[in-house]
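Trainee: turn this into a model:
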Amino acid sequence: MKALPNFFLAGCQKTGSTWIHQCFREHPEIYVPQDDAIHYFTINYYKGLSWYQQYYQEQLNETMIGDTTPSYIRDPFVPRRIFNYCADAKIIITLRNPIDRAFSHYWHEKKKKKIAFDFSEVIRNYDLYQNWIVPGFYYEHLQKFYEWFSERQILVVFYEDLASNPQSFIQDIFSFLGVDNEMVPSIVEGRVNQAWKYPRESPSTKPHREKIRKKISPYLPELAKKTIKSLILTNPSLPQDSMSEYYDLGMNSRLREQLKYIYSTENEKLSRLTGRDLSGWQ
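Mentor: Next up is the predicted model:
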C-alpha cells in the first residue's frame, strides 16, 4: 500500500488553499494529488482507506504527503477521525477576515451559477447561516483540533500574510512541514481561483449586449469584437442586477456592520488564542 497523508491543509475555503495546493504540487519533497479537495474525512469517510488510497497511487519518495481539503475545519468529526488515522499528523489552517471570506466564497459559487440568492439572506435564513456564516467561527473550529492535537502539530497562518508577502508565507509552511523552505514555487507571484468581479451572465444585461452586438458585429474584426464585449459587460451605465452586489464594490455597509457584530466575540477569542492582532478585521 502506498503511503497515505501525514499532513492536512484543513481550511478554510477562500483563504488561498488552492494557491497553497499548487505550491505543494511543485515542491519535490511534497506529494499532494491533483484533486485539491478529496473530502475523505467528511462526506467520503464511509468509502474506506482503499478508496482514499487511489488518490496517492502516483506518490513516489516524497517525505510529506498531504490532503488539502479546505472544508475539514468545518466538520466537528474531522479532528477525531484524522487523529485515529494518524496521531502524528501535522495540521495547517489558514484564516481570513470571516466577513471577506464568506463574501468571496459567495461570489465564487455565484460565478459558477450554483446559487441565486442575495448575500444578505445569509443572516435571515438558518440553513444559509450555517453554510456561510458559521464557517467563520474560527475559534470554535480550532478548539476541536486542539482537543486532539498538540500545539506543535498545528500551524495557523493568515491570508493577509499571503497577500502581503507570498514567498515568506509559503516558506513558513514549508518550514513547519520540515521540507526545504528555500524552494520558491513558480506560482508565488500568481493567483488562482479568484472570485470573479462580475456575474458571468445577468438576465437584465443580456438583451442590451445582444442588441449592440448584432448592430456592430458585421463591421468589426475579431479582436475589436472581444474588446467591446468586455467593455459592455463591465459598463455600469447599462441596466444591471443591483450594482451594490458586485464583488468589487463590496457588500451593503449595514450588512457588514451586522456581520462585524456577529463575529466580534469569536475574533477576540481567536486573537487571544493565536496572539494575532485582528483589529484590522473590519
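
Trainee: stretch 90-102 - what's its average pLDDT?
Mentor: On average, the pLDDT along stretch 90-102 is 96.

Trainee: and that stretch, how far out from the chain middle?
Mentor: Offset of stretch 90-102 from its chain centre (Cα atoms, centre = their mean, to the nearest Å): 8 Å.

Trainee: endpoints of that stretch, how far apart?
Mentor: End-to-end distance for stretch 90-102: 26 Å, by Cα to Cα, to the nearest Å.

Trainee: all helices of the stretch 101-250 of the chain, in order?
Mentor: 126-128, 138-146, 159-164, 166-177, 206-216, 222-233 (DSSP state H, counting those that start in this stretch).

Trainee: shaky segments in the chain?
Mentor: Within the chain, the stretches with pLDDT under 70 are 1-2, 190-250.

Trainee: if we use 50, what do you get?
Mentor: Residues of the chain that meet the criterion pLDDT under 50 lie in 195-206, 209, 227-245.

Trainee: where exactly do the strands run in it?
Mentor: With DSSP state E, the ranges of strands along the chain come out as 7-9, 30-31, 64-67, 90-95, 154-158.

Trainee: against which helices or strands is the fourth one packed?
Mentor: Contacting strand 90-95 under the criterion 3 or more Cβ pairs under 8 Å, 6 or more residues apart in numbering; DSSP states H and E are the following elements: strand 7-9, helix 17-26, helix 138-146, strand 154-158, helix 159-164, helix 166-177. Quick note: C-beta positions are derived from backbone N, CA and C, even for glycine.

Trainee: quick one: which of the strands of the chain is nearest residue 184?
Mentor: Across the strands of the chain, residue 184 has its closest neighbour in strand 30-31 (13.9 Å, Cβ to Cβ).

Trainee: so how far is residue 269 from residue 17?
Mentor: Distance of residue 17 to residue 269, computed by Cβ to Cβ, to the nearest Å: 23 Å.

Trainee: between these two, which has more neighbouring residues?
Mentor: Neighbour totals were compared for residue 17 and residue 269, and residue 17 leads with 25 against 16 (other Cβ atoms under 10 Å).

Trainee: packing partners of the longest helix seen in the chain?
Mentor: For the chain, the longest helix by residue count, based on DSSP state H, is helix 253-274. For helix 253-274, the packing partners by 3+ Cβ pairs under 8 Å, 6+ apart come out as helix 98-111, helix 138-146.

Trainee: as JSON lines, the ones you listed with distance to residue 121 would be great.
Mentor: Listed next are the helices and strands packed on helix 253-274 as JSON lines, based on distance: least, Cβ to Cβ, whole Å:
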{"stretch": "helix 98-111", "distance to residue 121": "10"}
{"stretch": "helix 138-146", "distance to residue 121": "23"}
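
Trainee: hey, which of the ones you listed is tucked in deepest?
Mentor: Stretch with highest mean neighbour count among the helices and strands packed on helix 253-274: helix 98-111 (a mean of 21; mean count of other Cβ atoms under 10 Å).

Trainee: which strands or helices does that one pack on?
Mentor: helix 253-274.

Trainee: list the contacts of the helix it packs on.
Mentor: 95, 98-99, 102, 119-120, 123, 133, 136-140, 142, 156, 250, 276-278, 281-282 (Cβ atoms under 8 Å, 6 or more residues apart in numbering).

Trainee: next: stretch 145-162.
Mentor: Here stretch 145-162 has contacts from 10, 15-16, 19, 73, 79-80, 82-83, 88-97, 101, 142, 168-170, 172-173, 176, 274, 276, 280, using Cβ under 8 Å, 6+ apart.

Trainee: ok, of these, which come out buried?
Mentor: Neighbour-count burial (16 or more other Cβ atoms under 10 Å) applied to those gives 10, 15-16, 19, 73, 79, 82-83, 89-97, 101, 142, 169-170, 172-173, 176, 274, 276.

Trainee: picking up where we left off before, can you say which of the helices and strands packed on strand 90-95 is nearest to residue 38?
Mentor: That would be strand 7-9 among the helices and strands packed on strand 90-95, by Cβ to Cβ, at 10.3 Å.

Trainee: show me how far the closest one is from its chain's centre.
Mentor: 15 Å.

Trainee: and for stretch 83-99?
Mentor: Distance of stretch 83-99 from its chain centroid, counting by Cα atoms, centre = their mean, is 14 Å.

Trainee: what of stretch 274-282?
Mentor: Using Cα atoms, centre = their mean, the offset of stretch 274-282 from its chain centre is 19 Å.
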